[in-house]
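Trainee: quick one, what's the 3D model for this:
(chains A and B)
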Amino acid sequence: MKPKPFVLDPFGGLGDFAPNQELLNQIKVFETGAANATATVAARITDQSSAYDYVQILTSFQNRVLAGFFAHPVFGVPAQRLNTLINQEVVRAGLFINEQSQTIIQYGGTPRYGYTPGVGVRAL
Amino acid sequence: MRRAFYTHWTLPRRTPGSGYEHDWPTRAHAYLAWALSTTLAARHVGPVEIMTDAEGADDLAWIGLPAMLRVGLGDDLRPLVRFWTAGKLATYGLASQIADTFVHLDNDVFLTQPLPDAIWAQTLGVQSVEPLTLPNYAGYYLPTMEALEARFDVPIWAMDTAARLEDRPAYNLGLLVANDAGRSVLADTATHGLAMLFMAAELATDLPPSNVCVVAEQYTFGAVARVRGVPVTPLIPDAATPDGQAHAARLGYVHLFGAAKRDAAALDRLVRRARRECPNAYQRIVSRFPL
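Mentor: Model (predicted):
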């Protein structure tokens, strides 16, 4: 199945999240459920669509938290910790967001170069 | 005397489920790449040696490559079958004992011109810098490094705690040049990198093996060089940038990684160049594995 296009929204707005106790609670919830969520998601990822959904959810949440971080640096430490956690979850699920093609691919080679057409090819 | 080394560790390709059964689109392309890359290296570097296992020697002997097939990769690497860089790391260690000045090339690297003298004059030369983190990438290699560090003490990283993970240098080693002063870095890279892979084989089975491979090779090399205070000189800037592409083309340096192995135009260039540069090997290959 062809991957859905992925549009990165770096700062996605604050949305429902305010940089306050609610943010910290969300982080705690995420930490608590991260291991179980990863196992569940890894089990149900059978095609690119579900992989896309998973990464989109994680990234959306991550971006909103980071938006809070930038608005209120006092929350920088937990927000960065959450950022790391989310990244780890994505890696554990074997997923990777390709920047150039705006798609999600599964690990299977050096991820960054999965869509890079070599180097110096025209000299061959 | 300058030498060129390659690695042909066949165990991952012979092991179903290892994740490395496939590389080139056809066996013909794989053998043509061997023929062309070693022919050009023999012309532009010097004697060529391919470090391999017994099956790998059988796999390549019939082509008539301008290279010595040295069976130096043994069964001791079997626990590392999920990690393709184990073969390269072992070759780094062996090559550092064999030659004073050498280049290690991947078989998808083609030197269409001699390497610049400046790169040979350096203690260590590499293809390009490999960033650890990239904007908009979901973690890239950083989470793998963090996970590995959290699970066991990696000796080389313990030596390199002065730098943040993000600041530690790493390099794409499609090409790796070492002169006499740089050989010890390669030997240490092999020791620490293989140790890391043996630990990962036991303790990090849930992490993407290709990420672990890159960390064990590229980042271990960067860390060893940094700790030892040995400078590393990139041949080209970041290979994924237009500037890097321009530099590579100007130097005649070709690396068919990533999507290049699935790109019809790039593969056609490989076939035509191999037919021109090494016609005897070409005929043997295409008569056995028609394109």
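Trainee: got a list of contacts for stretch B:177-184?
Mentor: B:95-96, B:100-103, B:115, B:119-126, B:185-186, B:228, B:230 (CB atoms under 8 Å, 6 or more residues apart in numbering or on different chains). All C-beta atoms are positioned from the backbone trio N, CA, C, and that covers glycine.
Trainee: which helix or strand in chain B has the lowest average pLDDT?
Mentor: helix B:155-159 (a mean of 51; mean pLDDT, DSSP states H and E).
Trainee: what are the C-alpha coordinates of the helix or strand following it, in CSV please?
Mentor: From helix B:155-159 onward toward the C-terminus, using DSSP states H and E, the following helix or strand is strand B:171-178. Extracted in CSV, the C-alpha atoms of strand B:171-178 (Å, rounded to 0.1, in the frame of the first residue of the first chain):
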residue,chain,number,x,y,z
TYR,B,171,31.3,9.7,9.4
ASN,B,172,30.1,7.9,6.4
LEU,B,173,32.6,5.2,5.8
GLY,B,174,31.8,4.2,2.2
LEU,B,175,35.4,5.3,1.8
LEU,B,176,37.9,5.1,4.6
VAL,B,177,41.6,6.1,4.2
ALA,B,178,44.2,5.4,6.9
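Trainee: neighbouring strands of strand B:171-178 in the sheet, and parallel or not?
Mentor: Next to strand B:171-178 in the sheet, as set by DSSP bridges, lie strand B:101-105 (antiparallel), strand B:124-129 (antiparallel).
Trainee: quick check: mean pLDDT of it?
Mentor: The pLDDT scores in strand B:171-178 average 92.
Trainee: in that strand, what counts as buried?
Mentor: The neighbour-count check on strand B:171-178 (16 or more other CB atoms under 10 Å in any protein chain shown) flags B:171-178 as buried.
Trainee: pLDDT value on residue 9, please?
Mentor: Looking at chain A here, since you left the chain open. 27.
Trainee: switch to chain B, please.
Mentor: The model's pLDDT for B:Trp9 equals 95.
Trainee: quick one: contacts for the residue nearest to it when sequence neighbours are not counted?
Mentor: In this structure, B:Trp9 finds its nearest non-sequential neighbour in B:Gly87, 2.7 Å apart by CB to CB, 6 or more residues apart in numbering or on different chains. Applying CB under 8 Å, 6+ apart to B:Gly87 gives the contacts B:7-9, B:11-12, B:51, B:73, B:77.
Trainee: circling back to that earlier point, for PyMOL, write a command that selects the buried ones of the contacts of stretch B:177-184.
Mentor: Provided next is the PyMOL selection string for whichever of the contacts of stretch B:177-184 are buried by 16+ other CB under 10 Å:
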select buried, chain B and resi 95+96+101+102+103+115+119+122+123+124+125+126+185+186+230
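Trainee: now do residue 107, the pLDDT please.
Mentor: This is for chain A. The model's pLDDT for A:Tyr107 equals 31.
Trainee: that answer is for a different chain, and I need it for chain B
Mentor: Looking at B:Asn107, the pLDDT reads 94.
Trainee: that's a helix at it, yeah?
Mentor: No - B:Asn107 is assigned coil when assessed by DSSP: H, G, I helix; E, B strand; the rest coil, not a helix.
Trainee: mind checking which of the contacts of B:Gly87 are in strands?
Mentor: Counted as lying in strands by DSSP state E, out of the contacts of B:Gly87, are B:7-8, B:51.
Trainee: and which of these is nearest B:Leu197?
Mentor: Within the ones in strands among the contacts of B:Gly87, proximity to B:Leu197 (CB to CB) peaks at B:Thr7, which comes in at 14.3 Å.
Trainee: roughly how far apart are the closest one and B:Gly72?
Mentor: Counting by CB to CB, to the nearest Å, the separation of B:Thr7 from B:Gly72 is 10 Å.
Trainee: higher neighbour count, these two?
Mentor: Under the neighbour definition other CB atoms under 10 Å in any protein chain shown, B:Thr7 and B:Gly72 were set side by side, and B:Thr7 has more, 25 against 19.
Trainee: list the contacts of that one.
Mentor: Applying CB under 8 Å, 6+ apart, the residues contacting B:Thr7 are B:50-52, B:73, B:87-88, B:90-91, B:104, B:106.
Trainee: the nearest residue to B:Leu36 once chain neighbours are set aside - how many residues pack around it?
Mentor: Leaving aside its sequence neighbours, B:Leu36 sits nearest to B:Ala274 (CB to CB, 6+ apart; 4.3 Å). By the measure other CB under 10 Å, the count of residues near B:Ala274 is 27.
Trainee: got the buried residues for the helix or strand encompassing B:Ala274?
Mentor: Assigned by DSSP H and E, B:Ala274 belongs to helix B:264-277. Residues B:266-267, B:269-271, B:273-275, B:277 are the ones in helix B:264-277 that count as buried (16+ other CB under 10 Å).
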